[in-house]
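Colleague: fold the stuff below for me.
(one chain, ligands or ions: 1)
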Amino acid sequence: MSQTTAQSIQELTNTALTELAEIDAPEALEQWRVSWLGRRGGLTAILRGLSQLALEQRRELGALGNQAKTTLEENLERRAREISQARLARAADQERIDVTLPGRPVATGRLHPTTQVVREITDAFVAMGFSVVEGPEVEWDYYNFERLNIPQGHPARDMWNTLWVDYVNEAGQQPMLLRTHTSPMQARVMEQTSPPVRVVVPGKCYRYEATDATHEWHFYQVEGLAVDAGITFADLKGTLYEFARRLFGAERKVRFRCDYFPFVEPGVDMSIDCFACQGTTKDNGGSGNSSDNGGGCRICRDSGWIEIMGAGMVHPQVLAGVGYDPEQYTGFAFGLGPERIAMLKYGIDDIRHFYSNDLRFLRQF
Ligand code: DAH
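Modeller: Model (predicted):
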């Protein structure tokens, strides 16, 4: 081993410090410590070499050696601090939170357009004293047809393309179906209560239907029923007129024309004057025919009128069927399609949009 001198101590110190300055990983720091300050490290070897020197030299170089040791230890500590601070700074840089950024919006859902319109419709009737009730979607023939004055074999059954439930009773009949309208709730409600009755019934209906822009095999209806002593056709007109004004604007006019539904007499269909063209295209020869749409009003097809629901005075047979005395009580009923109302209100041109689950459509409402 070479002689320990003041110079060799100085050189060793310089080399060690130069090496230290280049280290930037904690693992490499530990290696550095072992190789310079460890039991077999460079400085330790030098200090050990002192024992062979004369006392005077030993004292002098020993002091230098100890000073070198302190210098190396202090520098090691400082470098370790620098490295860990640099690490923290890098991590903080990556995870930095900018508190001035706007928050991420919480993804809330929204009500389906049908639900919105159903609520608008029922709200209008609730404001006029009606209650809201709901009924079963799987229904008996008895309520869907029989109680509504539509017996087995009656040609009016063809008005409702029916989805029958695959269940046969002892008599060999298929008495169960998916309700084709909400009207079966008329009898169900009247069986449970005595007059006065004022209800609206929103709910899903089903029909064996080839789908197109205006037909779906499943859709909603809102049924209405009011029965009491002394109810007249004037009550029907007044109530439905008020409803139309609430949904389509206070300036609306309504029109009633004869129509046939077996459970009402007389039966009507109700139209409102066209809120899009205000009836101004009426004289363009509009026939209400949907195929001809040559630049006129696409809402009323130049007829000036839009049909929005069926209605009528409850048939005496229907009242008698639930045990109400038709001599004492009269009433009116109506049924409307919320999707149709929504299509009119929002200018939707295809009913199939409602249940195709396309968010681009649904988010517009
Ligand atoms: N249930 C009828 C349908 O689905 C609509 C209807 C018409 C309901 C006249 C009524 C009514 O209550 O009085 O076509």
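Colleague: in a strand, Ala311, correct?
Modeller: Yes. Counting by DSSP: H, G, I helix; E, B strand; the rest coil, Ala311 is located in a strand.
Colleague: use 43 as the first number from now on
Modeller: In the new numbering, first residue 43, that becomes Ala353.
Colleague: grab the nearest non-local neighbour of it.
Modeller: What sits nearest to Ala353 in space, not counting adjacent residues and going by Cβ to Cβ, 6 or more residues apart in numbering, is Phe376, at 3.7 Å. Using the backbone N, CA and C atoms, a C-beta is placed for each residue, glycine as well.
Colleague: what about the helix or strand hosting Leu361 and the ligand, any contact?
Modeller: Secondary structure from DSSP states H and E places Leu361 in helix 358-363. No. Figure legend: helix 358-363 not in contact with the ligand (Cβ under 6 Å from any ligand atom); closest approach 9.8 Å.
Colleague: how far out from the middle of the chain is the next helix or strand after that helix?
Modeller: Next in sequence after helix 358-363, counting helices and strands by DSSP H and E, comes strand 372-378. From the chain centre to the centre of strand 372-378 is a distance of 33 Å (Cα atoms, centre = their mean, to the nearest Å).
Colleague: go on, stretch 236-252?
Modeller: The mean C-alpha position of stretch 236-252 is separated from the chain mean by 25 Å, Cα atoms, centre = their mean.
Colleague: check which residues of it are buried.
Modeller: Under the neighbour-count criterion of 16 or more other Cβ atoms under 10 Å, stretch 236-252 has 237, 239-245, 247-249 buried.
Colleague: just name the closest of the residues you listed to Leu386, please.
Modeller: Pro244 (17.6 Å; Cβ to Cβ).
Colleague: check contacts around the residue of the stretch 143-292 of the chain found nearest the ligand.
Modeller: For the stretch 143-292 of the chain and the ligand, the shortest gap (Cβ to the nearest ligand atom) falls at His223, measuring 3.3 Å. Contact analysis of His223 by Cβ atoms under 8 Å, 6 or more residues apart in numbering lists 186, 202, 247, 263, 265, 377.
Colleague: where's the dip in pLDDT among the residues you listed?
Modeller: Of all the contacts of His223, Trp202 carries the smallest pLDDT score, 94.
Colleague: my guess is that one contacts Thr222, does it?
Modeller: Yes. Counting by Cβ atoms under 8 Å, Trp202 does reach Thr222; the two are 3.7 Å apart.
Colleague: anything in contact with each of these two?
Modeller: By Cβ under 8 Å, 6+ apart, Trp202 and Thr222 have these common neighbours: 186, 249.
Colleague: what about the closest residue to Arg221 other than its chain neighbours, which SS state?
Modeller: Of all residues not flanking Arg221 in the chain, Glu181 sits nearest, at 4.0 Å (Cβ to Cβ, 6+ apart). The local conformation at Glu181, judged by three-state DSSP, is strand.
Colleague: Glu181: how many residues sit nearby?
Modeller: 24 (other Cβ atoms under 10 Å).
Colleague: quick one on the thing from earlier: which of the contacts of His223 lies closest to Gly346?
Modeller: Nearest to Gly346, judged by Cβ to Cβ, of the contacts of His223 is Gly377 at 23.5 Å.
Colleague: which residues touch that closest one?
Modeller: Here Gly377 is in contact with 223-225, 263-266, 351-353 (Cβ under 8 Å, 6+ apart).
Colleague: domain assignment for this structure?
Modeller: Domain ranges of the chain: 48-136, 157-404, per automatic domain parsing.
Colleague: so Asp140 lies in a strand, does it not?
Modeller: No. Asp140: not assigned to a strand; according to three-state DSSP it is coil.
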